[in-house]
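Asks: Below: sequence and its predicted model.
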Amino acid sequence: MRTLFSILAVAACAAWGQEAAVIPRPVSVTSGTGVFHWKPGMKLAVDAGSAQAGRVLEAGLNLKAEATAAKPAAGIRVTVDPALAVPSGEGYTLDVTPSLISIRGKGPAGAFYGAQTLLQLMPSGQASEVRAVRIKDYPRFVWRGLMLDTARHFLPKPAVLKFIDLAAMQKMNVVQLHLTDDQGWRIEIRKYPLLTGVGSMRKQTLIGHEEKPKGFDGKPHGGFYSQADIAEMVQYARERFVELVPEIEMPGHAQAALAAYPELGNTSQKLEVFTQWGVNPNVFNVEERTILFLQDVLTEVMQMFPGKFIHVGGDEVPLDQWKASPAAQARMKQLGLTKEVQLHGYLMRRMDQFLTQHGRRMVGWDEILEGGVDQSATVMSWRGNKGGIEAAKMGHDVVMAPTTHTYFDYYQTKSPSEPLAIGGFLPLETVYGFEPVPPELTAEQGKHVLGTQGQAWSEYMPVASHMEYMLFPRLTALAEVAWTPAARKNYADFQKRLPVMEQRWKAMGVNYHPSQK
Ligand code: TNX
C-alpha cells in the first residue's frame, strides 16, 4: 500500500510537469535524474543548528533523527551553513539525488523551511520516494503574517497552537494575536485582575447581522489566556520560527476593559462587556493615569512576548466622547491640542516612545497616521493600500493588510450554502493576485513594505473549525504572495499544487474549504 502510494506520488509529480509541487512556490526548482528511495537502515542526520528541522522531520516522516556533526553520504542530512549563497537566514537549498537528500539552511530557520519543503515532497507522512531535484529558496518578504482574533470569539490554546503549525507549514513567520476588544479581554494582566475577572466574559452574543429587532443567543461566552498559557504559546511558536505579535487595542475597541475599570473611560455610564459587533463609541480617556495603566499593561505584555513588535491597535476611534467630555477638552487644552484626533496621536506617540525605550517597536492600524506618529511606528494598512503608501512615503515601515485582499472573514464563493459571514467577497484568485508593493512607491520606498498579513476577524467564526474553513486555502494563496518572487507566481500552477496541501490538511483534520478550484 505504502509503496503503491509512493509510486502514485512520484507519478503525480511527473504528470504535473517538471516541477515539484511545493507551496509556496520556491525561487528555483531544477529537476535532476533518478529517484531517491528511502531504505531501511538509512539515517536522518541533523547537525546542531538544525534541531528544529530535525524535529519537524521526525514528526512528519515517522523517523528518529540523529544529532551529529558527521555528514553521511546516504539518507537525509540537514545542516546549517552560514556561507550558503542565499540572501537571508530563512533561505535554504534542498538537493535530492538517488542516494542522498541534503537540506542546507543558511540559518536554523532556513533548515526548518527546507524540512517543510521535503515534507511536501513526501506527503504520505512516511519517508518515501522523491524524484531528484535541486531547490534553492528564500522569502520575498520578512513579514508573512496571520492575525487571529481571539477577542470576538475565544480561541482555545490548542487551536492557537494548531494555527501556528499550519502557518509555519507554509513558511509564514508572524502570528498576531488580537487579544483585546469590546467583546472580550483575553490575556491575564496580574496588576489589573478585573481585566479578565470582568472583561473576559460577555453575557450573550448577537445573532446574525443587525436584524430588526436584534436577536441574542442568551449564552455567556468567555475565556482568556493565563500568563503560563502565553509562555507555552510563545515557546511553541519560537520552535517553529514564528514570532507572536500581541495586540492590545487602544484607545478604541476598549469596552471590555472599561466594563472592568470604568474610571478609564469618558462617561459615568456603567458598561458591560459588549454583546454586539461594529464600531463602538466607548473609548479610553487620555488622562495621565490611563496612560500609566496602559503602560503597565504593556510592561506585562513585553515580559510575556519577547519579540520585537507590539501592536497597539489604534483603529476605529470615534471622537464623539472626547468632544463631549469636559475632562478630555481640558486635557487637550493642557497639552496645547486643538483637534480631538490629536489626542489620539498624543496617546500613540506616548506608547511608541514607551515601547521604543524598552527596545521594542510599535505597530498600529493605519488610523495612527491621522493623529500623527513618529517614523519609528510601523503601520498596518487595512483600509486598502492607501495608508501603506502614505506611510512608506513618509519613511514608516508598513505591513500590507488591505480588506480587498487579506480579509478572510469575507465570503469566499457566491454559493448560497456558504455559512453566514460578515459580508464582502474575497475569492481565492483575488487573494493570489495581491501585490504587496504598490506601484505608487519608488524602489527605495518599496523597501519599507515588510510584507503582508491575512486577517481572521472572528465575529462570524464562533469556533476554530469555522476559522479553518475561512482560512484555507486562502491563507495558502497569501503565503505564496508573501514568499514567492512576483515573477514566479502563476495561479493555474498554484491550483495544480494545492492538492499537496489538501492531503496534509486532511491528515491533520483541518476543515479547509474544498471547492475553490
Ligand atoms: C474592521 S480591521 C476592524 C475589525 C473588524 C473587521 C471586520 C480593523 C483594524 N478593524 O474590528 O473585526 O473590520 O471585517
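Replies: All right, it came through fine.
Asks: distance of the residue nearest the centre of the chain from Ala464?
Replies: For the chain, Leu146 is the residue whose C-alpha lies nearest the centre (Cα atoms, centre = their mean; 1.8 Å). Computed as Cβ to Cβ, to the nearest Å, the Leu146 to Ala464 distance reads 13 Å. C-beta coordinates here come from the backbone N, C-alpha and C atoms, glycine included.
Asks: any shared contact partners between the two?
Replies: Common neighbours of Leu146 and Ala464, counting by Cβ atoms under 8 Å, 6 or more residues apart in numbering, are Phe163.
Asks: Report the spatially nearest residue to the residue in the stretch 201-350 of the chain that the ligand sits nearest to, omitting neighbours in sequence.
Replies: Using Cβ to the nearest ligand atom, the closest approach of the stretch 201-350 of the chain to the ligand is made by Asp315 at 3.5 Å. Excluding the flanking residues, the one nearest Asp315 by Cβ to Cβ, 6 or more residues apart in numbering is Trp365, at 3.6 Å.
Asks: Ok, Gly199 next?
Replies: Using Cβ to Cβ, 6+ apart, the closest residue to Gly199 is Trp185 (3.4 Å).
Asks: per-residue confidence for the residue of the stretch 201-350 of the chain closest to the ligand?
Replies: pLDDT, Asp315: 98.
Asks: Now do the same for it: helix, strand or coil?
Replies: Under DSSP: H, G, I helix; E, B strand; the rest coil, Asp315 falls in the coil class.
Asks: Does it touch Glu370 like I think?
Replies: No: between Asp315 and Glu370 there is no contact under Cβ atoms under 8 Å: 10.5 Å.
Asks: What count of nearby residues applies to the residue nearest to Gly199?
Replies: Residues lying near Trp185 (other Cβ atoms under 10 Å) number 32.
Asks: Then Ala507?
Replies: 12.
Asks: Kindly report the same for Pro40.
Replies: Neighbours around Pro40, by other Cβ under 10 Å: 5.
Asks: now do Tyr236
Replies: Count around Tyr236 with other Cβ under 10 Å applied: 17.
Asks: Verify the contact between it and Leu161 for me.
Replies: Yes: if you go by Cβ under 8 Å, Tyr236 and Leu161 touch, sitting 5.3 Å apart.
Asks: quick one: Gly41 from the ligand, how far?
Replies: Distance from Gly41 to the ligand, counting by Cβ to the nearest ligand atom, to the nearest Å: 54 Å.
Asks: mind checking the SS state of that residue?
Replies: coil.
Asks: where does this protein have its least confident helix or strand?
Replies: helix 2-15 (a mean of 46; mean pLDDT, DSSP states H and E).
Asks: Kindly confirm whether my reading is correct that Ala327 touches Glu287.
Replies: Yes: look at Ala327 against Glu287 with Cβ under 8 Å: they come within range, at 7.1 Å.
Asks: between those two, which one's more packed in?
Replies: Remark: of Ala327 and Glu287, Glu287 carries more neighbours, 16 against 12, as counted by other Cβ under 10 Å.
Asks: Hmm, that one is touching Gln334, no?
Replies: No: Glu287 lies out of contact with Gln334 (Cβ under 8 Å); the separation is 10.3 Å.
Asks: Setting the sequence-adjacent residues aside, check what's closest to the residue in the stretch 351-500 of the chain positioned nearest to the ligand.
Replies: Closest approach between the stretch 351-500 of the chain and the ligand, counting by Cβ to the nearest ligand atom: Trp457, at 3.4 Å. Counting by Cβ to Cβ, 6+ apart, Trp457 lies nearest to Asp409, which is 4.3 Å off, once chain neighbours are set aside.
Asks: what's that neighbour in contact with, if anything?
Replies: 421-422, 424, 455-461, 470.
Asks: Pull out the buried members of the residues you listed.
Replies: Buried members of the contacts of Asp409, scored by 16 or more other Cβ atoms under 10 Å, are 421, 455-461, 470.
Asks: Specify the local secondary structure of the residue nearest to the centre of the chain.
Replies: Leu146 is classified as strand under three-state DSSP.
Asks: what's the answer for Leu298, then?
Replies: With three-state DSSP as the criterion, Leu298 reads helix.
Asks: Could you do Glu66 as well?
Replies: Per three-state DSSP, Glu66 ends up strand.
Asks: quick one: it from the ligand, how far?
Replies: 47 Å.
Asks: Mind listing the residues bridging to that residue?
Replies: Ala45 (DSSP bridges).
Asks: For the stretch 101-250 of the chain, which segments are assigned as strands?
Replies: 129-137, 143-149, 174-178, 180-181, 184-185, 201-202, 206-207, 215-216, 221-222, 243-250 (DSSP state E, counting those that start in this stretch).
Asks: And the pLDDT at Glu232?
Replies: pLDDT, Glu232: 98.
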